[in-house]
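J.: sequence and predicted structure below; questions after.
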Amino acid sequence: MYFLNGINILYPIVVFLLSNIPTAESGRDFYQMLNVSRDATTKDIRRAFKVLALTKHPDKRPGEPGAHEEFLGLSRAYEVLKDDETRRKYDASGEEGLEEGAKRNQRYESWNFYHQDFGLYDEDVEVVTLDRSDWHSLVTSGELWFVNFYSQRCSHCRDLAPTWRLVAKQLSGVLRIGAVNCFEDWYLCRELGVNSYPTLRVYPRGISYNGVRELPELVRFALGFLRTSFTELSPRVLTQPLARVLPWLVTYCDVTEECLSATTLLKLSALFDKLVSFGRVDCVVHPTLCGRLAGGSRFYSDGDPTASSGIHLDSLDEEEIQFELVKLLAPLDSFHHRDCAPCRRFLTQWRRLGRSLKDGPITVCHVDCAEQGSLCSQEGIGSYPTVRGYPPTELTLRRIPVLLSPQINLRVAFVNCRAASAVCASVYATARLPALGLFRPDGSYEFHHEVAKSSVYELAEFVRSSSTSRSRALDPSWFPLPVDTPWFVDWYAPWCPPCQRLLPHWRRASQRLPAVRFGTVDCSVHSQLCRHHGVSTYPTTILFNQTVPHYLNGLHSSDQLVEFVQVSSLILK
């Protein structure tokens, strides 16, 4: 995996499909009524309905003719589209294809309900609202989840909401915090045996929390399931072999307790898993280990917590410690000028340092300011040589390899597109930065453009699925496509949410059809190529056989994509 510092290299291959459109004869267009696309997710539909409920509700339009009937229609549209089964029937046959019960729902809630209780966690960044469509892929992936099963009619659930948001904020990046609305997704809750609200469980083990619903107790319970921890250092422990491959952060606790708490150390151990080892020394019990170090913490870059040297960190604030550690682990840039004699002497030592650290967490590189004058000027470099440390764009990017299985041999690099514009331009990665790109040994690659909006788990899942995907990014040099084998091509735009949602299905389909080549075209970059092939909406998916195009409309699963290719007689099982 490479990172173009505008770019974080990983490039998604997107194939997407438009779905069936009910005709005028089959009744009203519920998608149009709710102002959503036909590929909208359940969450998209719920959000859109809430916006309409707050503005179109009869409680806000007293005495207005037709307000009741209009909102009744909106409620009916939402009730149909929020459920997978009724939505499937509606997509297939329109409103006339629905059962009588679904067609004649005559009730809706008060405006206050939609304002205060509807979609309780939909707008929360840290809390992931889960439903049936993504439950099994997310919660059974092996990641650690703390999930709140609630009902929007439950007063205890509403009372818990502010505390649950604080839990999510405190545990951000440590584990994943989710919420399931059992009023809307009752089938999933029934399947999981949830019968009372709120029910709080840790997955994948499915263990319920039954204590008081207060912030410290909830955080402590969740941290008990972490697979990482810290080491209580003592003379006996220090006589045993310790992991000295990674740097150490050791906190020294005296009677004043001016040291990092056990809770903070647990969180940091999860955030910096396989990047930093953590330890704690009780200076009251082991004064000989502390000397004058009591209070505060020290960072040992050489991996030896018994060393006399170390960088002192006196902050007790968790976020400040995170920031300091990221800086201490950051790659170093050396700015020099070819006409500077001290620079030439220093460069030999600098390269020697780079070789000694090549397998460690720090990357050493240099910038020749004679060639990159604008970059050095932009960075405020006025004398040579200058040594400067740069933190990565996000700590989460460092954690991606940690979350992958050992079978995925991943190398990570950062590329600054301002300094290496030719490199970025060669893979058409200059338009939407930062981006994360996965480059495979065969020369193919994919990009993920929504880096800023993605969690580390989502980025790791992109790497995991892309590492085995057979799809590749296509540019104009590939066209016309080779005719010796069928091609399945997705024409997409990075800003298109439906395009992004199809990706997991597209990659799985590419693995199941070895006789078909898969590719994607980014129409935000190759707009002329897309227009040449008549592509004006995204995503558009085209199957080429002997240059003859075959179109598939609608959002499809990997099974449906495979079936389309097979039924089209372009490939046999």
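T.: Arrived safely, thanks for sending.

J.: quick one: mean pLDDT for stretch 541-553?
T.: In this model, stretch 541-553 has an average pLDDT of 81.

J.: with stretch 249-267 instead?
T.: Per-region confidence: stretch 249-267 scores 87 on mean pLDDT.

J.: start and end of that stretch, how far apart?
T.: 13 Å (C-alpha to C-alpha, to the nearest Å).

J.: send me stretch 297-312 as CSV with only the CA atoms.
T.: Output in CSV follows, covering the C-alpha atoms of stretch 297-312 (Å, rounded to 0.1, in the frame of the first residue of the first chain):
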residue,chain,number,x,y,z
SER,A,297,6.2,9.1,31.1
ARG,A,298,9.2,8.4,28.9
PHE,A,299,9.4,7.2,25.3
TYR,A,300,12.2,4.8,24.5
SER,A,301,12.7,4.7,20.7
ASP,A,302,15.4,2.0,20.9
GLY,A,303,12.9,-0.5,22.5
ASP,A,304,14.7,-0.8,25.8
PRO,A,305,12.6,0.4,28.7
THR,A,306,15.6,-0.1,31.1
ALA,A,307,17.7,2.5,29.2
SER,A,308,18.7,5.6,31.1
SER,A,309,17.8,7.8,28.1
GLY,A,310,14.4,8.5,26.8
ILE,A,311,12.1,11.4,25.8
HIS,A,312,10.1,12.8,28.7
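
J.: point out the other helices and strands that the helix or strand hosting Glu320 packs with.
T.: Following DSSP states H and E, one finds Glu320 within helix 318-329. Contacts defined by 3 or more C-beta pairs under 8 Å, 6 or more residues apart in numbering; DSSP states H and E place helix 318-329 against helix 262-271, strand 297-300, strand 311-313, helix 395-403. Just so you know, the C-beta spots here come from the backbone N, C-alpha and C atoms, and that holds for glycine as well.

J.: can you lay out those as TSV showing distance to Gly94 and mean neighbour count?
T.: What follows is the helices and strands packed on helix 318-329, written out as TSV (distance: least, C-beta to C-beta, whole Å; neighbours: other C-beta atoms under 10 Å):
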stretch	distance to Gly94	mean neighbour count
helix 262-271	50	20
strand 297-300	64	22
strand 311-313	64	14
helix 395-403	44	19
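
J.: any chance of the ones you listed in CSV with distance to Pro480 as columns?
T.: As requested, the helices and strands packed on helix 318-329 are exported to CSV (distance: least, C-beta to C-beta, whole Å):
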stretch, distance to Pro480
helix 262-271, 49
strand 297-300, 57
strand 311-313, 59
helix 395-403, 37
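
J.: so which of these is nearest Leu329?
T.: Comparison of those against Leu329 by C-beta to C-beta identifies helix 395-403 as nearest, at 7.1 Å.

J.: hmm, back to that, now the angle from the helix holding Glu320 to helix 262-271?
T.: Inter-element angle recorded for helix 318-329 and helix 262-271: 40 degrees (by axes from the mean of the first three to the mean of the last three C-alpha atoms, to 10 degrees).

J.: what is the mean pLDDT for helix 318-329?
T.: Rounded mean pLDDT across helix 318-329 is 82.

J.: how about it: buried residues?
T.: Counting neighbours by 16 or more other C-beta atoms under 10 Å, one finds that the buried residues in helix 318-329 are Glu318, Ile321, Gln322, Glu324, Leu325, Val326, Leu328, Leu329.

J.: coming back round to it: wait, which of the helices and strands packed on helix 318-329 is closest to Leu72?
T.: helix 395-403 (45.3 Å).

J.: which parts of whatever helix or strand comes next after the closest one are buried?
T.: On the C-terminal side of helix 395-403, the nearest following helix or strand under DSSP H and E is strand 413-415. Across strand 413-415, burial judged by 16+ other C-beta under 10 Å covers Phe414, Val415.

J.: quick one, grab the pLDDT at Ser467.
T.: 86.

J.: SS state for it?
T.: Taken by DSSP: H, G, I helix; E, B strand; the rest coil, the conformation at Ser467 corresponds to helix.

J.: repeat for the one 5 residues further on
T.: Secondary structure of Arg472, reduced to three states by three-state DSSP: strand.

J.: what about the residue lying closest to it once chain neighbours are set aside, neighbour count?
T.: Counting by C-beta to C-beta, 6 or more residues apart in numbering, Arg472 lies nearest to Ser444, which is 3.6 Å off, once chain neighbours are set aside. Neighbours of Ser444 under the rule other C-beta atoms under 10 Å: 19.

J.: buried stuff in stretch 163-183?
T.: 164-165, 167-168, 170-171, 173-183.

J.: oops, could you answer that again for stretch 84-103 instead?
T.: For stretch 84-103, the neighbour count (16+ other C-beta under 10 Å) marks Thr86, Arg87, Lys89, Tyr90, Asp91, Gly94, Glu95, Gly97, Leu98, Ala102 as buried.

J.: cool, and stretch 410-430?
T.: Phe414, Val415, Asn416, Cys417, Ala419, Ala420, Val423, Cys424, Val427, Tyr428, Ala429, Thr430.

J.: now do stretch 30-43
T.: Phe30, Tyr31, Met33, Leu34, Val36, Ser37, Arg38, Asp39, Ala40, Thr41, Thr42, Lys43.

J.: same question, stretch 187-205
T.: For stretch 187-205, a neighbour-count test (16+ other C-beta under 10 Å) marks Leu188, Cys189, Leu192, Val194, Tyr197, Pro198, Thr199, Leu200, Arg201, Val202, Tyr203 as buried.

J.: got the contact list for the fourth one?
T.: This means Val194. Phe149, Val180, Cys182 (C-beta atoms under 8 Å, 6 or more residues apart in numbering).

J.: out of these, which comes closest to Val245?
T.: Of the contacts of Val194, the one sitting nearest to Val245 (C-beta to C-beta) turns out to be Val180, at 40.2 Å.

J.: that closest one: what secondary structure?
T.: Classification of Val180 using three-state DSSP returns strand.

J.: from memory it sits against Tyr150, does it?
T.: Yes - using C-beta atoms under 8 Å, Val180 is in contact with Tyr150, at 7.3 Å.

J.: please list all residues in contact with Arg213.
T.: Arg213 touches Leu160, Thr163, Pro198, Leu200, counting by C-beta under 8 Å, 6+ apart.

J.: turn the buried residues of stretch 410-430 into a markdown table, including distance to Tyr78, secondary structure and pLDDT.
T.: Below are these laid out as a markdown table (distance: C-beta to C-beta, whole Å; DSSP: H, G, I helix; E, B strand; the rest coil; pLDDT from 0 to 100):
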| residue | distance to Tyr78 | secondary structure | pLDDT |
| --- | --- | --- | --- |
| Phe414 | 45 | strand | 70 |
| Val415 | 45 | strand | 75 |
| Asn416 | 47 | coil | 73 |
| Cys417 | 43 | coil | 76 |
| Ala419 | 50 | coil | 74 |
| Ala420 | 49 | coil | 76 |
| Val423 | 48 | helix | 80 |
| Cys424 | 44 | helix | 82 |
| Val427 | 42 | coil | 84 |
| Tyr428 | 40 | coil | 84 |
| Ala429 | 40 | coil | 78 |
| Thr430 | 41 | coil | 69 |
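
J.: just the ones of the buried residues of stretch 30-43 in helices?
T.: Per DSSP state H, helices hold the following members of the buried residues of stretch 30-43: Phe30, Tyr31, Met33, Leu34, Thr42, Lys43.

J.: these: which two are farthest apart?
T.: Met33 and Lys43 (17.9 Å).

J.: quick one: classify Phe518 as helix, strand or coil.
T.: strand.

J.: kindly report the same for Arg153.
T.: coil.

J.: which ones are touching the closest residue in space to it that isn't next to it in sequence?
T.: Among residues not flanking Arg153 along the chain, Phe183 sits closest, at 6.0 Å (C-beta to C-beta, 6+ apart). The contact partners of Phe183, by C-beta under 8 Å, 6+ apart, come to Ser151, Gln152, Arg153.

J.: can you redo those as JSON lines with distance to Ser261 and pLDDT?
T.: Output for the contacts of Phe183, formatted as JSON lines (distance: C-beta to C-beta, whole Å; pLDDT from 0 to 100):
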{"residue": "Ser151", "distance to Ser261": "35", "pLDDT": "90"}
{"residue": "Gln152", "distance to Ser261": "36", "pLDDT": "83"}
{"residue": "Arg153", "distance to Ser261": "38", "pLDDT": "82"}
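
J.: alright, calling it a day.
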